[in-house]
Structure formats: structure tokens, C-alpha cells
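[1] need a structure here:
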Amino acid sequence: MGTHLNTTRNTEILRSSSGRTLVLHPVLRGAETDRSPEASLEEAVGLASAINLDVAHAAVVKVNQPRPATLLGGGAVDLYAQLLEEARAADEAIDLVIVDHALTPVQQRNLEKAFGAKVIDRTGLILEIFGERARTHEGQLQVELAALSYQKSRLVRSWTHLERQRGGFGFLGGPGESQLEIDRRLIGDRIVKIKKELEDVRRTRGLHRKARAKVPYPVVALVGYTNAGKSTLFNRMAGADVFAKNLLFATLDPTMRQVVLPSGRKVILSDTVGFISDLPTHLVAAFRATLEEVQSADIILHVRDIAHPDTEAQKADVEAILRDLGIDPEHDTRVIEVANKIDRLDGEERASAIARTDRSDSACAVSAATGARLDSLFGILDRRMTAGRAVVEMDVAHADGATLAWLYAHGEVLDRRDDEDHTHLQVAIDPALLARMSRRQEERVAA
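    A predicted model of the protein is given here:
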């Protein structure tokens, strides 16, 4: 069997199944977490619903002592094996079990045998969602790289034929290469090829960033926990129509739009993939090219679902990933916290959220759904963009329309007076841009 079939086996089984699913969230004794087990289970059910699976039953499973063979205790395995058997007897078969935890290949195989159903873990489920959401070539490459890296360690359980020996050519003698070894080698070759293609993507993004730096339009990147409302906020700010729905990982591929701030300053708004707790490390690695947009952004808007009961835990998860990217949310002045969904808070909670965020220019409370207080967010962006800019007086000849247009495009015109020969301007502008304009004028005169 070929490598492509190996990497899509989960998807094929999910598509051919009834979609009826059992979701189990194991709680390991002594494991530290900021979330309640019930909230974690609800998120796992939401992940399953994101790819239209029918969750027939969901439960929290307490695990006093993780078993190397199955992770879950023997009593729990027997209990849910019986539940699945009863569902089959009632002609309501549940043919997929999602374990909201990392499983070893051996644990996954043993649970499948005990349950008589397909079993996937949290990482496999997230990969399924990413596989459905990716639309661009880059996104599909990133998902395939993550899936191959995940599958490579699990070929031991893919098919019964994998350990069979294939006949060699006889040149060297001895046993032939096993199908398992061939599949591993083919997957390894494909991983190398994808990494090269993504390196090309990375270089292209680097060139685009250099081009934007020459324009220059500052980049404002949106980050946040999945379903925090990033895409809704993106649409509200940019007047765009990016797919936005109350769904985990509703969007995956990065999107960029030009936005004009109230001052007239133009910025590039970038929407990125949502983060989630326990995001597999190889997924973060696979999306490096996309996440570099966050690293190089001029301003980072951390969008939070302030109405979610686990908002603080979600904030901690996002900040942990930002730190992995080399961004310290507590000390990096680029980060602005956007407390979204205030429309879902009652009057007192909403007033408290607004008062808390209005104390500085590093936070703002908004409702992306209704547009409430979006003007406050735009005001913060404008002030950040004008910070450090010099206010200069300039006289521009009427005949020099190019310079006049350039000043309007790259600075903030605070005052303008026109006489017979000149336009007298008071402009707030970055000193570096002003110096560049002066060099351009000198070069033009010299020519």
C-alpha cells in the first residue's frame, strides 16, 4: 500500500462511518490544569462537532494510574466496551471513539481491539479538523507535514500486512525490506519534499515582508484561542467576508486585508490560525511559515473570549505559544489584549471589563459581533502608530504632486494651508520615512 493511503486512512474511515462518536476525556490523578474536567470535555465535543461528527455519548473518565497498555483503567475499558456493544445490539452502532488525550500507538491499537471501533486521540482529531479547513496550497502542505510526522510513529499499527517481508532483488541476499520499512522510507521522503516546498513559502513570505517594509504598511496580526472571535473581528475591522462561525478552527489559512485607520494611516490586518490547549508541538512546527507573520508583526492583537468561563486558562495557553515563538506577552509592547464578546456579559460584568481595559493603551474591550467599542480599538491602533513620530512643517510646491501624495499616504497631515505657489503642511511622520523621502528628493535633483 502507498504512502498517500497511509496518511489518509483516518479520514477515509471517518468518512465511511456513521459519524456516531463516543468522546472520552481522561483526567489523570495529580495532573495540573486550569480547566475543569467538564469544560475540557465540552471543548473536545466541540472539536468533534467541528467536523460534523454525531457525538452520541461523552464522559469524563478518572484515571488513578495510567496503564501503559490502554491509558484508561481496566474497569473503564470494560464499561465503555459494554456501552459500545449495547449500542451495536440496539442498531445504533458507535464506530468512532475519541480519547481527548495523547495516546501511544500501542494504547490506540489495544483500545481499538477492546472497543471494536476506530480510536483516535486529541492530536489525530485536531489533524482531521486542520485537514478539512486548509484551503490554500500552503495550508494543505503544512497540514500534510504535521500528519506525516504524526503518522510516521504509528505505522506499527496501520495494517496487519506491514510486518510481512517483501522479496528483495537478491543482489545482497538476506531478507527483503518489510512493507513497514518501505512505508517509513516513503513518508520520510515526502516529509523532506514538503519541508523544501515550505521553505520556498517561507522565503516568499520574507520577500513579501520586505516589500511591505518598503511601502511601508505596518502589519497588525490577530492571534487568540480558537473561537475567540478573531475572524469576526477581522471582518468587522476590514469590511471583509472571511468565513466566521461559532465553530472551533472555523478558519485555518492566514488572510490579509488593508485597513484604513481613522487618522488615514493604512495598515495590513492579518488573521492567523487559532490556538488551542495541548496543541501538538509538531503542529506548531509545521505552521512555522504562517506564524512568522506574527513574529514580524508591528502590533499583535490578542483576541480573547472574555465571556468564556475558561477565559483565563485560554489566555495562558495563547501566551505560552507566543513565548514559544519568542514573544513575551508581558513585556513585548507590541501586544494589545482585546477582550471580545462583551455583548455576552451582563451589565455589571461588561462595565467592569470596560473599566479594567480602559486603564491603558495595552487593552481594549469590544464586541466584534455588534461592533461596540470598535472605535476605542481603532483609537489605540492610531496612537500606537503615531507614537514616536515627529511633527514637522513642510512647504511643498503645487507642481510636486507626487511628494504631496506620498506625505498623505505615509504620514498624518495635521494642518494644511495653500497659497499661490505652495502647500504648507504640518505632518506627523516617522523620522526614518522623512529621511528616506529627503534622500529620494536629493537623488531626483541630482539626476
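
[2] switch to C-alpha atoms for all contacts and neighbour counts from now on
    OK.

[3] pretty sure R67 sits against G73.
    Yes - the criterion here is CA atoms under 8 Å, and R67 meets it with G73 at 6.3 Å.

[4] find residues that contact each of these two.
    Overlap of the contact sets of R67 and G73 (by CA atoms under 8 Å, 6 or more residues apart in numbering) is empty.

[5] with neighbour numbers in mind, choose between those two.
    Counted by other CA atoms under 10 Å, R67 and G73 do not tie: G73 has more neighbours, with 18 against 12.

[6] could I get the contacting residues of that one?
    V63, N64, Q65, P66, R67.

[7] the last one: what's it in contact with?
    When contacts are counted by CA under 8 Å, 6+ apart, R67 touches G73.

[8] quick check, pLDDT for it.
    Per-residue pLDDT puts R67 at 95.

[9] show me what it is bridged to.
    L71 (DSSP bridges).

[10] distance of it from E319?
    Applying CA to CA, to the nearest Å, the value for R67 to E319 is 32 Å.

[11] tell me which element the residue most central in space within the chain is part of?
    The structure's the chain has its C-alpha centroid closest to V273; by CA atoms, centre = their mean the separation is 2.2 Å. If you go by DSSP states H and E, V273 is not part of any helix or strand.

[12] surely it meets V223?
    Yes - in terms of CA under 8 Å, V273 counts as a neighbour of V223; the distance is 7.5 Å.

[13] domains in this protein, by residue range?
    Using automatic domain parsing, the domain parsing of the chain gives 3-131, 217-386, 390-446.

[14] just give me how far the last one sits from the chain centre.
    In terms of CA atoms, centre = their mean, to the nearest Å, the centre of domain 390-446 is set 41 Å apart from its chain centre.

[15] okay, now the unreliable bits of the stretch 51-200 of the chain?
    Scanning the stretch 51-200 of the chain for pLDDT under 70 picks out the ranges 135, 155-180.

[16] that one: helices as residue ranges?
    74-89, 105-115, 122-133, 137-152, 179-214 (DSSP state H, counting those that start in this stretch).

[17] those: which one's closest to D324?
    D324 lies closest, by CA to CA, to one member of those: helix 137-152, at 17.5 Å.

[18] show me what the closest one is packed against.
    Judged by 3 or more CA pairs under 8 Å, 6 or more residues apart in numbering; DSSP states H and E, the packing partners of helix 137-152 are helix 3-16, helix 122-133, helix 179-214, helix 281-286.

[19] and it, which residues are buried?
    Of the residues in helix 137-152, 138-152 count as buried by neighbour count, 16 or more other CA atoms under 10 Å.

[20] quick one: that helix to helix 105-115, angle?
    Angle of helix 137-152 versus helix 105-115, following axes from the mean of the first three to the mean of the last three CA atoms, to 10 degrees, is 80 degrees.

[21] between helix 122-133 and helix 137-152, find me the angle.
    For helix 137-152 against helix 122-133, the angle by the same axes, to 10 degrees is 150 degrees.

[22] how far does helix 137-152 sit from its chain's centre?
    Centre to centre, stretch against its chain (CA atoms, centre = their mean), the figure for helix 137-152 is 15 Å.

[23] number the chain from 616, please
    That works, and once the first residue is 616, the last one we named lands at helix 752-767.

[24] before we move on, back to that, distance of the residue nearest to the centre of the chain from R959?
    Separation of V888 from R959 (CA to CA): 24 Å.

[25] R974: how many residues sit nearby?
    By other CA under 10 Å, the burial measure for R974, its neighbour count, is 10.

[26] check E1035 too.
    A count of nearby residues for E1035, using other CA under 10 Å, gives 7.

[27] now it: phi and psi?
    phi -70, psi -40 (degrees, to the nearest 10).

[28] do V882 as well
    phi -130, psi 160.

[29] so what's it up against?
    Taking CA under 8 Å, 6+ apart as the criterion, V882 is in contact with Y832, P833, V834, V835, Q873, V874, V875, L876.

[30] before we move on, what about Q723?
    T685, V734, I735, D736.

[31] try 7 Å
    Neighbouring residues of Q723 by CA atoms under 7 Å, 6 or more residues apart in numbering: V734.

[32] looks to me like Q929 is in a helix.
    Yes - under DSSP: H, G, I helix; E, B strand; the rest coil, Q929 falls within a helix.

[33] does it touch Y840 like I think?
    Yes - using CA atoms under 7 Å, Q929 is in contact with Y840, at 6.2 Å.

[34] ok, which stretches of the stretch 916-1062 of the chain are strands?
    Residue ranges of the strands in the stretch 916-1062 of the chain, as given by DSSP state E, counting those that start in this stretch, are 950-955, 978-980, 1005-1012, 1027-1033, 1037-1044.

[35] could those strands go into a markdown table alongside distance to E707?
    Formatted as a markdown table, those follow (distance: least, CA to CA, whole Å):
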| stretch | distance to E707 |
| --- | --- |
| strand 950-955 | 41 |
| strand 978-980 | 46 |
| strand 1005-1012 | 71 |
| strand 1027-1033 | 66 |
| strand 1037-1044 | 68 |
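
[36] so which of those is the most packed in?
    Stretch with highest mean neighbour count among the strands of the stretch 916-1062 of the chain: strand 978-980 (a mean of 26; mean count of other CA atoms under 10 Å).

[37] against which helices or strands is that strand packed?
    On a contact count with 3 or more CA pairs under 7 Å, 6 or more residues apart in numbering; DSSP states H and E, strand 978-980 meets strand 950-955, helix 962-972.

[38] tell me the mean pLDDT for that strand?
    96.

[39] same deal with stretch 636-656?
    89.

[40] next one: stretch 952-963
    95.

[41] please save the CA atoms from that stretch in CSV.
    C-alpha atoms of stretch 952-963 as CSV (Å, rounded to 0.1, in the frame of the first residue of the first chain):
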residue,chain,number,x,y,z
GLU,A,952,-5.2,42.5,24.6
VAL,A,953,-8.7,42.6,23.0
ALA,A,954,-11.4,41.5,25.4
ASN,A,955,-14.0,40.3,22.9
LYS,A,956,-17.7,39.3,23.2
ILE,A,957,-18.6,41.9,25.9
ASP,A,958,-22.1,41.7,24.4
ARG,A,959,-22.4,38.3,26.1
LEU,A,960,-21.7,39.8,29.6
ASP,A,961,-24.4,41.3,31.9
GLY,A,962,-24.4,45.0,32.6
GLU,A,963,-22.2,44.9,35.7
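
[42] can you list contacts of that stretch?
    Contacts of stretch 952-963 (CA under 7 Å, 6+ apart): 916-922, 965, 977-983.

[43] and with 6 Å instead?
    Residues from elsewhere that reach stretch 952-963 (CA atoms under 6 Å, 6 or more residues apart in numbering): L916, H917, V918, R919, D920, I921, R965, A978, C979, A980, V981, S982.

[44] centre of the chain versus that stretch, how much separation?
    Counting by CA atoms, centre = their mean, stretch 952-963 comes out at 22 Å from the chain centroid.
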